[in-house]
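J.: Here is my input; please provide its structure:
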Amino acid sequence: YHALSWTWGQGKRDRQIMLDGLPFYITQSLHDALHYLRSDASFRSPSSLFLLWIDLICINQLDRDEKSIQVVRMRETYKDACKVIVWLG
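T.: Numbers count the residues shown, from 1 in each chain. Have a look, this model is predicted:
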């Protein structure tokens, strides 16, 4: 998998994407990063499968216990990724 390290910006989650057919709201900064990655040919694989770990999506932001545990594990998550993509917005 690849991991995305990105800046939250203002943190306002007002951009909608679809996850498993359901709306999910993200920040403008993350939306811009995803748009860039989707349009950049170097991030496309022949199988069209691209696994991307993003904290806002992969960590349940409403569950304080899970969030506390996962934030501690983020160092390992980034270390274990085959590539870390940094987006500064």
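J.: Please tell me how far the residue lying closest to L51 once chain neighbours are set aside sits from S68.
T.: Computed as CB to CB, 6 or more residues apart in numbering, the closest residue to L51 that is not its neighbour in sequence is Y1, at 3.9 Å. For glycine as for every other residue, the C-beta is placed from the backbone atoms N, C-alpha and C. Distance of Y1 to S68, computed by CB to CB, to the nearest Å: 22 Å.
J.: The helix or strand harbouring H31: which residues count as buried?
T.: Here H31 sits within helix 28-39, counting by DSSP states H and E. By 16 or more other CB atoms under 10 Å, the buried positions in helix 28-39 come out as 28-34, 37.
J.: Quick one: mean pLDDT over the next helix or strand after that helix.
T.: Downstream of helix 28-39, the first helix or strand assigned by DSSP H and E is strand 52-54. Taken as a whole, strand 52-54 carries a mean pLDDT of 95.
J.: Stretch 57-66 now?
T.: For stretch 57-66, the mean pLDDT works out to 94.
J.: Can you name the next helix or strand after the host helix or strand of V72?
T.: Per DSSP H and E, V72 falls inside helix 64-80. Using DSSP H and E, the helix or strand that directly follows helix 64-80 along the chain is strand 83-87.
J.: residues near the residue nearest to L51, how many?
T.: Other residues lying near Y1 total 12 when counted by other CB atoms under 10 Å.
J.: Could you do W6 as well?
T.: Around W6 there are 21 other residues, counting by other CB under 10 Å.
J.: And the closest residue to it other than its chain neighbours, how far from Q70?
T.: With sequence-adjacent residues excluded and distances taken as CB to CB, 6+ apart, W6 is closest to W87, at 4.1 Å. According to CB to CB, W87 stands 19 Å off from Q70.
J.: The nearest residue to I59 once chain neighbours are set aside: neighbour count?
T.: Nearest non-adjacent residue to I59, counting by CB to CB, 6+ apart: Q70, 4.4 Å away. Here the number of neighbours of Q70 (other CB under 10 Å) works out to 16.
J.: separation between Q70 and L19?
T.: In this view, Q70 and L19 are 17 Å apart by CB to CB.
J.: Before I go, just wanted to say thanks for your time.
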